[in-house]
Every structure is written in C-alpha cells, then in structure tokens.
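Student: Need a 3D model of the following:
(2 chains)
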Amino acid sequence: MNLLIKNGRVIDPSQGLDEVADVLVEAGVVKEIGTNLKAPAGVHAIDVAGKYVVPGLVDMHVHLRDPGLEYKEDIVSGTKAAAAGGFTSLACMPNTKPAIDNKAVASYIINKANTEGFCNVFPVGCITYGMGGERMAEMGELKEAGCVAVSDDGRPVANAELMRRALEYARGIGILVISHAEDLALVGEGVMNEGFTSTELGLKGIPRVAEDIATARDVMLAEYTNSPLHIAHVSTKGSVRIIREAKARGVKVTCETAPHYFTLTDDAVRGYDTNAKMNPPLREADDVAAIKEGLRDGTIDCIATDHAPHHLDEKDVEFNAALNGIIGLETSLPLSLKLVEDGILTVNQLVEKMSCNPSKILGISRGSLRVGAVADLTVIDPAAAWAVETEKLVSKSRNTPFIGWKMKGAAACTIRGGAVVFSR
Amino acid sequence: MAEFKHRNIIALRDLTKEDMELLLATAENMREINSRDIKKVPTLRGKTIINLFYEASTRTRTSFEIAAKRLSADTVNISPSTSSATKGETLADTALNLLAMKPDIIVMRHAVSGAHYHLAKKVTCSVVNAGDGAHEHPSQGLLDLLTIRDRFGRLDGLKVAIVGDITHSRVARSDIQGLTKMGSHVYLAGPPTMMPPAVEKLGSVTVCTTMREAIQDADVVIMLRIQQERQGKTLMPNAREYSRYFGLNPENLKLAKPGAMVMHPGPINRGVEMSSYVVNGSQSHVLKQVENGVAVRMAMLYHVCGGELE
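Tutor: Below is the predicted model of the structure:
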C-alpha cells in the first residue's frame, strides 16, 4: 500500500491545490505532497507526467443489481467497471431484490464489497419499505448498518405527507434523503420525452413538467421542514431553474445530473433505439443547454452516472417493452471531460462535481488528498483516445447508446486505499 | 422505369414522393385487375405472405389478404389469440420461427410504435406495416392519397383537414407524411388534449383551434375515430360534447368547398365524429377508400417483392 506518484498535475479543490507535484502514499493514506519527493526504500514509484492526479472519483448514483438481479450486474463486476471508469467510491441504489430496506441487505452489500469489490461501496437505503411508498423504512438502523442516504430511486414517494415526514425524520437521524422527482400521473404510460420527436415517432410522451412539479414539491417540502434534500438525475430546464431559485433562498438542496443529460437529446431515440430509453428520458436541446449552465454556475453539484445495467433480453425488444436505463460508469469521465474541453467547466470544477461534492453531500470521508486522508486517487489521462466497444466493456451489461463513440480522456490508473485497482 | 428500392414498407416517413408516386401508379394498374370477372393474376405465385396481427383488425387484415390472393400469393393469418404471444414468446422469437418457414413478406400490425423496425432487424424477408401503435399506418395513408387523387387528379395545393385525436392516430401521421410530401396543405383540428406537440414541424401543417378554421374551404375533410374508452378518460368530457365541437354534420360541412370530399379510416362511430347524414351522403368517399385499399396493398406487396412497374 506504498506508492510514489510522480510528476502529475495534482488537482485537489478540497485544499485549493493545482500544481505539478509528487504524491507519496504510505499505509493506504496520503503521506506527503511535494516536489522532488524521493521514494523511500521498497516504495514503488510511477511517473504520471502529463496526467492529472485527483481525489478518487465518487459516483453517488449506481445500480449494482446485487442482491437479486446478478444476471445484470453484481458487486464484483459493477465495482470493477467503476474502477475502470476512474471511480474509487460509489453509492448504490436500493432497488435490489430484496430492496435495501433492512440492515441485513445493507450489511451483505458492504461485506461483499469489502472482500471482493474493486472500489468502496456506500449503500443507499430505502425511504419506504420495499420502496412501496406506504411506510417509512427503519432509517436509523439503515444508517447504523452503513447506509449514507435514503431514496426510493426508480420511483417517487408519491404521497406528499409521507415525503414531508420522511424529510423530517431523516433530519433527526442525520441521513440524507435523495428524491427521484417524478409525478407518476403526468408520466402516465409515457416512454420518452414529450416533444417533436415523440410526435413524429408516435411514442407516448413524458412531459418535462412531470419532473418539474415533483422537483418543486420536494424543494418546497425541504424548505418547509428545514431538511436537507438531494434531487437525483436532473434532466429538465425547469428543474434547474427551481433548484437555482431554492438555493438562492437558502434551501438545503443539492442535486446531480448524469452525463447523458448533457450529451444527448431525445433525437437519440430515433430508430427506436432502446439504449436511448431511460428515466427521466433524454430531453431537448434547451434542456441540455440549461443542464450545462446549471453545472457551470454551480446549481448542479454533482455528476453521477445512474449506471443502470440491463440484460440484452430486456433491451432487445419493442421500444415500449424495453426497461429504462443505461450503463454509465465506463463513459462518465470522458463525457464529463468534454465539458472542460468545451469551456463549460474548469478541471477543478469537474473534480469537485465528480469527487469533492458527492463526498460532502453523502458525508463520506473521501474527495480529498489532504495529508492523512485515505489514499483514494484517480490518475486521469486527459488525452487518451479510445472508442467504446461492446466487447471491451467491463460491466456485465452492454446497454449504452455510446457504443462506437470516439472518446477522449480516461482513467490511467485508479488507486483505492493506496492499492492500484485499475490501470490501462 | 422507376424502381422501388425498399425491402420494407414501415412508414411513409421513410418514403420519398417518387416512391409514393410509383406505388400509386402501380395501384391504379392493380385496380383494373379488381374490376375483372376473374380477379386473379399469377404475379406473386409461389410467394408466401404471413399476416401477423397482434391487434384486432377486420378491414385491414381482410384487405391485405384479398390483395395477396388476387396476386396468387399464399397467405397465412396469425392473430394473438391463436399465437404464442400469450405464451410469453418475444416478438423476435416469433418472427424467427416464422422466418424459418421461409415467408417472403410478413405483414404485421402491432400495438407498439416502431415494433416493425425491431422486427425488420431480425428477419430477412420483407416487412410491411399494417399499423403500429400511434406511429404509422402506411397502407391507409397511401389509399387516402389515391382516393383524393382520383377525385381531383392531383394532390398538390389541396387543403386537407384532419379532425380528431391526432396524438393517438397512426392514420393521421401517415396522412400528414404522405399529403405534405405530395404538396397538399394539412389543417389539423381537435381539442388541444388530442394535439401532439410541435406537430406543425412535420411539414405544411397548420394547427387550428376550431373545427371551423380547419374545414373552411377545405377540398377534403378526413375525420378520425373517437373512442369513448380511450379519449373519454381525460382527453374530453364525453362523446356528446366532443361531437358538438368536433363532429362533422351537414351544416358545418357547408363550410368546406362545394363538393368537398369526406373521408374516414373506419370503423365509424356514427353520431360521434360524423353524423349518418354525412356518412351516407354524396360527399362521402368512405367505401371508395376501402375499395382502393385492396389495390394499394396489392401494389405494396408487389413492390416489396421486387416487382417493377410495367
């Protein structure tokens, strides 16, 4: 667990650091950052000149599908895909089978990740039992078991009274509530964004207001109850505006978006491509512009993948029958680096959104290279050119609309607790 | 001579004006066969056509079957109640099993928009769309074009009103694609609850808030079917009120050009979208549409099998 990482551009917004330096890791923690550090006896040195050395990336929205749906992904394959994508930590969503609504499931995940995983796994528990939207889950015990947040991700808590009480109760426990903001009545039987493309393809539309209304409701409940709230996978212009205004009022709201929401529009659905089907759905050009602006001005705190593996049999079907979601762990970094190339974010801001901010929001001791911190680091090669190929994906599933895309930028090396868990 | 380059006919959206003109010209030739005493030619002898209907249909399925038989093709009809669909077999597996029996064409109707593109990726035979969800119904679109052209000798410059639930209508989408590519001006009317967003971007399409606006001086009025079961839930108060604002009757028909054509893809809800006086009246071309349907479908089957216009 000893390592000297030499000559990289060390970028750590948590301590305002951005300079070419060496990082010495000993016993799994950051020992020293400085120039011309000498490798002590027995310490392996790697030269990463021209590359970025950043706090290990954190993906706060991943579906590992384990337990119960291991044919899509499991803790080993999912964390391996995460490491390949540059992530040293991830938060996994509770819609497993059984759901993470009790200590046993949370403990199973943590234990399996600790013994067999390639990155740190922080489970998110359910807000309600079985994500049924009826009764609050035992948030206290979930927190004690190691859950870092609660969410019924995949479905909203439709009952506003229950959501209000969940926010209040969670505040007392000291656990974050993550909202999947969606008004199910407005979604109806919709399968893609409602707009010109849905009109032309004859597919039932999901109006953007279905997300906006739910975002507004939950923001208002957070404001009323003075409780922290995190909005998952923001995809609409309206949601960005609502969150921006709430933050300006001092509401304790944070949010994330996913790379596909700033990379693709609902044009990707043309040809009835089921790998462009996800929830919330891909939106329109003005939403993409608003998401980018939200990232730029800080309204959107995090980039998270919503990595949602599905088996070929669940995607290679008629559009309406296909399940929602795409994998994202292995494409998130290059798609996000494109924001830097396009001048929307600085590299520092990108590191904040992919490491520091999610760590802070989840309250995990990651996202920093301060001396003494756990040595979770990602070495990023911003110039690496590669293409997304089905056979080379590490995830068990292949459901991504980015197959065949030419990417720029990749994790050159992923280090967890001082140990190299991935290198290309 | 013009050549039809498509293996499948899934949507008029995928066809050019020239493609459609070729299909209409062939359909006109086919009409002659349908008027003979012995209505059968050997053109598609030895070809096998499967009619795979996942949704109930009387006239479209019958029309496709008659079209195939008049061209001497062998036809097999499969519908969900007798098929493996109820046993949980996927569309792709059903298609591959059918394909193993070496059909030349699968004519399919399916409730999911775009299902035919999925099917076409799985099979090597031709795929003809007999209606998919709210996407397209290309044979209906083509037979509407033929019926209108019969009456006016052209499609270019005509004002065509389409009234009803545009959002959920595959007929409307095929009509809009076909008519606008042929140079007609389409005027849509219906309650805003039944109007899909940005539909005016599909071509020369005008969205009207009232029926009067749409049918005023129209050359053609196409009425769409309204179903109490579907639209009655949240899209309109009830059939009675719908009929009051968007039903076609002898009085408001006078707003259209004298002798304007009235059309309907069927089946008609008499007294809802159209009064019986209009359905039975001299301006109604509803049965002419059905008649042309056979000729148009003969042309479609003929061309996807590689036939050329003689």
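Student: So which residue is dead centre in the chain?
Tutor: I went with chain A, as the question did not name one. Closest residue to the average C-alpha location of chain A: A:A304 at 2.3 Å, with C-alpha atoms, centre = their mean.
Student: burial measure for the nearest residue to that one once chain neighbours are set aside, as a count.
Tutor: The shortest distance from A:A304 to any non-neighbouring residue, by C-beta to C-beta, 6 or more residues apart in numbering or on different chains, is to A:H61 (3.6 Å). (C-beta placed from N, C-alpha, C; glycine too.) By other C-beta atoms under 10 Å in any protein chain shown, the residues close to A:H61 number 27.
Student: Surely A:H61 forms part of a strand?
Tutor: Yes: residue state for A:H61 (DSSP: H, G, I helix; E, B strand; the rest coil) corresponds to a strand.
Student: List the contacts of it.
Tutor: By C-beta atoms under 8 Å, 6 or more residues apart in numbering or on different chains, the contact set of A:H61 is A:A91, A:M93, A:D153, A:A232, A:H233, A:E256, A:A258, A:A304, A:T305, A:D306, A:H307.
Student: Next to chain A, which bits of the stretch 51-200 of chain B? Give me the list.
Tutor: Among all residues of the stretch 51-200 of chain B, those adjacent to chain A (criterion: C-beta under 8 Å from any C-beta of the partner chain) are B:90-92, B:110, B:112-115, B:117-118, B:132-136, B:167, B:170, B:173, B:196-199.
Student: Swap in 10 Å and give it another go.
Tutor: B:54, B:90-92, B:110-119, B:121-122, B:132-137, B:166-170, B:172-174, B:176-177, B:195-200 (C-beta under 10 Å from any C-beta of the partner chain).
Student: hmm, back to that, ok, the contacts of A:H61 vs A:G28, which is closest?
Tutor: Nearest to A:G28 among the contacts of A:H61 is A:A91, at 21.3 Å by C-beta to C-beta.
Student: Centre of the chain to the helix or strand harbouring the closest one, how far?
Tutor: Mapping A:A91 onto the secondary structure by DSSP states H and E places it in strand A:87-92. Relative to its parent chain, strand A:87-92 has a centroid offset of 8 Å by C-alpha atoms, centre = their mean, to the nearest Å.
Student: Pairing partners for it, with directions?
Tutor: strand A:57-62 (parallel), strand A:120-125 (parallel) (DSSP bridges).
Student: How about the helix or strand following it, which residues are buried there?
Tutor: Read in the C-terminal direction, the helix or strand following strand A:87-92 is helix A:103-116, with elements assigned using DSSP H and E. Neighbour counts over helix A:103-116 (16 or more other C-beta atoms under 10 Å in any protein chain shown) mark A:K103, A:V105, A:A106, A:Y108, A:I109, A:I110, A:K112, A:A113 as buried.
Student: for helix A:103-116, the distance to its chain's centre please.
Tutor: 20 Å.
Student: Check stretch A:378-394 too.
Tutor: In terms of C-alpha atoms, centre = their mean, the gap separating the centre of stretch A:378-394 from the centre of its chain is 18 Å.
Student: returning to that earlier point: quick one: least confident of the contacts of A:H61?
Tutor: Least confident by pLDDT among those: that is A:D153, with 94.
Student: Neighbours of A:G205, how many?
Tutor: Residue neighbour count, defined by other C-beta under 10 Å, stands at 24 for A:G205.
Student: how close does the closest residue to it other than its chain neighbours get to B:P197?
Tutor: Counting by C-beta to C-beta, 6+ apart, A:G205 lies nearest to A:E194, which is 2.5 Å off, once chain neighbours are set aside. With distances defined as C-beta to C-beta, to the nearest Å, the gap from A:E194 to B:P197 amounts to 6 Å.
Student: same check, this time on B:V294
Tutor: Using C-beta to C-beta, B:V294 is found at 36 Å from B:P197.
Student: Compare those two (neighbour count), which wins?
Tutor: When B:V294 and B:P197 are compared on other C-beta under 10 Å, the one with more neighbours turns out to be B:V294, at 24 against 16.
Student: The helix or strand hosting B:V128 - contacts with which helices or strands?
Tutor: With elements taken from DSSP H and E, the one containing B:V128 is strand B:126-132. Packing contacts for strand B:126-132, counted by 3 or more C-beta pairs under 10 Å, 6 or more residues apart in numbering or on different chains; DSSP states H and E, involve strand B:48-53, helix B:59-70, strand B:105-110, helix B:115-122, helix B:138-152, helix B:170-181, helix B:286-304.
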